[in-house]
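Chemist: Pasting the sequence and the predicted model now:
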Amino acid sequence: MDNHLKMIPVSKIFSDVHYEVPIYQRNYAWGSDQIEQLIEDIMSTKDDYFLGNLIVNQKDNNVYEVIDGQQRLTTLFLLERYLGIAFANDALRFEARDKANRTLVILPNTNQLTDELQSSEIKEGYKIIDDYFEKIGLSSEKEKFIKRLDKVNLIRVQVPAKIDLNHYFEIMNTRGEQLELHEIAKSNILAKISSPEAKKIASDIWEYCSNMDSYIQMNYPKKQRDKIFSDDWSSLSDKIIDFDSLIGCYKNEVMIEESFTLEEILQGKRVMSSESTSSDELENERFESIISFPNFLLQVNEAITRSSADDDASLDDKNFLINLQNNWADESSSKHFLFMMLKARVLFDKFVLKREYARDYKEIGKWSLQRLEKYRDAKGDKPKYIGTFGGDEDNRNRQIRTLQSALRITYTSPKTMHWISLVLSSYFNDENADILEILENYAQSKVDATRFETASGFGFERIVFSYLDYLLYRDGYSFNGHEIIHPLSNDWQFQFRSSIEHFYPQHPTELAPWADADLNCFGNLALITVSGNSTFNNAMPVGKAGTNPGIIAQSLKLKIMAEMMGQNNNMWDQKLAHIHQDEMFNILKFRGGK
C-alpha cells in the first residue's frame, strides 16, 4: 500500500496516536441517525469491512491534523470510550474548543462538571450510544462488539506535502464521497447513450433530478417544463411515455455537449443550467427532501424491481454501484432507468412527504405532503403548492402525511426506508393506487413481525410506538368517558423520537422501584426524543407531567398515560400501567388494519 495510505483496524485507531481537529472545521454535529447507522454497520460485519477514509495532515510524530472524517472519528472516540477501550485521554482534541476537550476527557463521568463547562453535542452523542446499546440489549455483550472492531478498517490518507489545506478541506467538505459514486454512476449510464441529443436529455434528467430540495418541475427551464409536464405541471404530459418521447421537447435546440475534468468538477464548474431557476422560483428553497439524491437512485432501482420482501442490501450505499450496474448494461437499459428516474421524481415530489420551512415553521420545519400546480398572475406562470390529497388540511391528506411521518421517524437509516420504494412502485403499477391502505398494511405487518405482545422494556421496537401513535391520531381515544385524543387533531405532528421513556422511572429517588414485569411493561413506556428523556431523567410521573407538558405531548400514548394518572389523584401505579398496556395492545391488534 502507498506510503500515504495506511489501513488501520478501528479498534487500534487511537492507539499511540493523537488527532487534532482544526478550528476551521465545524463542531461535532452527528445525531441519532448517523450514530446508530455507524453502530449498525459495525454490528453487521462478519468479514473485514471498510468504514471509509480518514484524511489527515501529519504535523509531528504520531500527531495528525484531521482534514476530513472528523464526525466519524469523533463518534468512534465516543463509542470506544463507552466500550472501555484504553487509550490516551488526549487521543482526540479540538483546536481552541475547551468545552469539547473537557467533555472528551471526563467521559463517561460528565456529572463532574456543570453543563456550562461541557459540550452539549458531545455529551448528547455519548448518551445516544449508551441509550442504543441499552435498547437493543448489547450493553451486556460489549466484549463481542469490541472484537467486531478488529474487522472494521479505516484507511488513513496522508495528504501530499505543500498542498493548500484550506482549499483541500473546502473541496472535501462541500463535495464528499457521494459525489464520486454519483459521478461514476452517471458516467456509466451516459456512456451508453449514443446521440448528442439523447446525451443532452439524459444529462438534464440527471442534473435536475439531483436537486432534491425543490420540485422537479421547477428545476427544468420553462421551455422544457411546459412540454414535459402536463398543462397544470402536476404530472408528466400524456405524450411523455418513454425516454425517446422527450426528444420532441428539445426540438430546434443547439445541443452542446459539456465536458469537465475531475478538477473542474471539484472546483464547482459542474452546475445546472442558469435558466432553470428564476428569482420568483426560489421559494422552493423552503422544502427539504427526506432522502439524498444517491439514496433516491437506489429507491428508484428498488421500485423498478421491488418484490414483496424488504432487502436492506438493495438500499445500502455500501453496495451503491453494484446495485445500479444493471442499469448501464446497454443503451436501452440506460434510457429506461433515466426515464423511470424522471417519472419517480414526479411521483416522489407529489406522494412522499417533505420538510417545509415557511411562515410559523421557518426555523423548525414541519411535515408537508403537497403537490405542485401552476397558476398565473400578472407576471406569468408560477407554482403553487396544495395538499396532495384534497388540500393541506383535508382529513385524508393529514392522515397519509402523519402515517408517512411515523414511518420516516421510525426507519431513520436510508437502507431501511423501503416504504418509499413501496410508494413509488405502487404508483408505477397503478396511478390510482390507494396508498393509505397500502402503507397501513405495510406498517401493520412490521408491527406484527415484532411479536410485541411478548416483548419487554427496550425490546419493544420503534414501529410499535410510532404506529400506535398514528392509530391514536387517526381514531382518537377516550378513557372513562373522557376524550383524551381528538381524531385527526391538526396541531399534532411526529417529532424525531428514538428514546424509550419509563414513565415510572427505573431508578426512582422518592419511592420504591417497581418489579421488572411492571416497570418494563408496555403500559409504562413511551417513545420520546433523546433530549426529552434526558430532561425527564429519574423524575416521578406527576413531576414529568406537571413541569414538562411539551415533552408529554411528543407521544399521544404518553399523553393518555398522563391523563389516566390525573384521573387517579395524580398517582401512576402498576394497575394503571397494565390497564393501559391491555388497551394499547387491543388497538394494535384489532384497529391496526382498519
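Modeler: Now that the structure is in, tell me what you want to look at. Residues are numbered from 1 along each chain as shown.
Chemist: What ranges does the stretch 351-500 of the chain have for its strands?
Modeler: 354-356, 366-368, 370-377, 380-387, 477-479, 482-485, 499-502 (DSSP state E, counting those that start in this stretch).
Chemist: How about the secondary structure of the residue lying closest to residue 242 once chain neighbours are set aside?
Modeler: With Cβ to Cβ, 6 or more residues apart in numbering as the criterion, residue 242 has its nearest non-adjacent residue at 5.6 Å, and that residue is residue 339. To be clear about C-beta, it is placed using only N, CA and C from the backbone, and glycine gets the same treatment. Using DSSP: H, G, I helix; E, B strand; the rest coil, the structure places residue 339 in helix.
Chemist: Residue ranges in the protein under the pLDDT threshold?
Modeler: Where the chain drops to pLDDT under 70, the residues are 1-4, 24, 45-46, 161-180, 252-285, 392, 592-594.
Chemist: Got the domain ranges for it?
Modeler: In terms of domains, the chain is parsed into 5-163, 176-387, 452-590 (source: automatic domain parsing).
Chemist: can you list those in TSV and add distance to residue 428?
Modeler: Formatted as TSV, those follow (distance: least, Cβ to Cβ, whole Å):
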stretch	distance to residue 428
domain 5-163	28
domain 176-387	6
domain 452-590	25
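Chemist: I'd like those domains as CSV, with mean neighbour count and distance to residue 417 appended.
Modeler: Listed next are the domains of the chain as CSV, based on neighbours: other Cβ atoms under 10 Å; distance: least, Cβ to Cβ, whole Å:
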stretch, mean neighbour count, distance to residue 417
domain 5-163, 17, 11
domain 176-387, 17, 7
domain 452-590, 18, 13
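Chemist: ok, the closest residue to residue 404 other than its chain neighbours - contacts?
Modeler: Closest residue to residue 404 apart from its sequence neighbours, by Cβ to Cβ, 6+ apart: residue 353 at 4.6 Å. Each residue near residue 353 by Cβ atoms under 8 Å, 6 or more residues apart in numbering is listed here: 290, 367, 368, 369, 401, 404, 405, 408.
Chemist: So which of those sit within helices?
Modeler: With helices taken from DSSP state H, the overlap with the contacts of residue 353 comprises 401, 404, 405, 408.
Chemist: For the residue nearest to residue 242, give me its contacts.
Modeler: Under the criterion of Cβ under 8 Å, 6+ apart, the neighbours of residue 339 are 205, 242, 243, 246.
Chemist: Relative to residue 239, how far out is it?
Modeler: Applying Cβ to Cβ, to the nearest Å, the value for residue 339 to residue 239 is 13 Å.
Chemist: Next: residue 209.
Modeler: Applying Cβ to Cβ to residue 209 and residue 239 gives a distance of 20 Å.
Chemist: Out of the domains of the chain, flag the one nearest residue 397.
Modeler: Among the domains of the chain, the nearest to residue 397 by Cβ to Cβ is domain 176-387 (3.9 Å).
Chemist: how far out from the middle of the chain is the closest one?
Modeler: Relative to its chain's centre, domain 176-387 lies at 19 Å (Cα atoms, centre = their mean, to the nearest Å).
Chemist: picking up where we left off before, Serialize the strands of the stretch 351-500 of the chain to a markdown table and add fields for distance to residue 547.
Modeler: Shown next, in a markdown table, are the strands of the stretch 351-500 of the chain (distance: least, Cβ to Cβ, whole Å):
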| stretch | distance to residue 547 |
| --- | --- |
| strand 354-356 | 29 |
| strand 366-368 | 26 |
| strand 370-377 | 37 |
| strand 380-387 | 37 |
| strand 477-479 | 23 |
| strand 482-485 | 20 |
| strand 499-502 | 15 |
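Chemist: quick one, which of those is nearest to residue 94?
Modeler: Comparing those by Cβ to Cβ, strand 499-502 comes nearest, at 26.5 Å.
Chemist: Where do the helices of the stretch 201-350 of the chain begin and end?
Modeler: Ranges of helices in the stretch 201-350 of the chain, per DSSP state H, counting those that start in this stretch, are 216-219, 222-228, 262-266, 293-305, 320-324, 331-351.
Chemist: Minimum distance to residue 71: which of those has it?
Modeler: helix 293-305 (17.6 Å).
Chemist: I'd like to know which elements the closest one is packed against.
Modeler: helix 165-191, helix 196-210, helix 320-324, helix 331-351, helix 418-429 (3 or more Cβ pairs under 8 Å, 6 or more residues apart in numbering; DSSP states H and E).
Chemist: Restricting to C-alpha, output it in PDB.
Modeler: Written as PDB, here are the backbone C-alpha positions of helix 293-305 (Å, rounded to 0.1, in the frame of the first residue of the first chain):
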ATOM      1  CA  PHE A 293     -30.100  12.000  -4.300                       C
ATOM      2  CA  PRO A 294     -27.800   8.900  -4.100                       C
ATOM      3  CA  ASN A 295     -30.400   7.200  -1.900                       C
ATOM      4  CA  PHE A 296     -33.100   8.300  -4.300                       C
ATOM      5  CA  LEU A 297     -31.300   6.500  -7.100                       C
ATOM      6  CA  LEU A 298     -31.300   3.300  -5.000                       C
ATOM      7  CA  GLN A 299     -35.000   3.800  -4.200                       C
ATOM      8  CA  VAL A 300     -35.800   4.100  -7.900                       C
ATOM      9  CA  ASN A 301     -33.800   1.000  -8.700                       C
ATOM     10  CA  GLU A 302     -35.600  -0.900  -5.900                       C
ATOM     11  CA  ALA A 303     -39.000   0.400  -7.000                       C
ATOM     12  CA  ILE A 304     -38.500  -0.900 -10.500                       C
ATOM     13  CA  THR A 305     -37.600  -4.400  -9.300                       C
END
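Chemist: residue contacts, the nearest residue to residue 553 once chain neighbours are set aside?
Modeler: Nearest residue to residue 553 in three dimensions, chain neighbours excluded: residue 559, at 6.2 Å (Cβ to Cβ, 6+ apart). If a contact means Cβ under 8 Å, 6+ apart, then residue 559 has 484, 485, 552, 553 as its contacts.
Chemist: Report the central residue of this structure.
Modeler: Nearest to the mean C-alpha position of the chain, by Cα atoms, centre = their mean, lies residue 412 at 4.4 Å.
Chemist: Got phi/psi on that residue?
Modeler: Note on residue 412: its backbone torsions stand at phi -80, psi -20 [degrees, to the nearest 10].
Chemist: one step back: can you put the helices and strands packed on helix 293-305 in TSV and add distance to residue 503?
Modeler: Below are the helices and strands packed on helix 293-305 laid out as TSV (distance: least, Cβ to Cβ, whole Å):
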stretch	distance to residue 503
helix 165-191	41
helix 196-210	45
helix 320-324	42
helix 331-351	37
helix 418-429	29
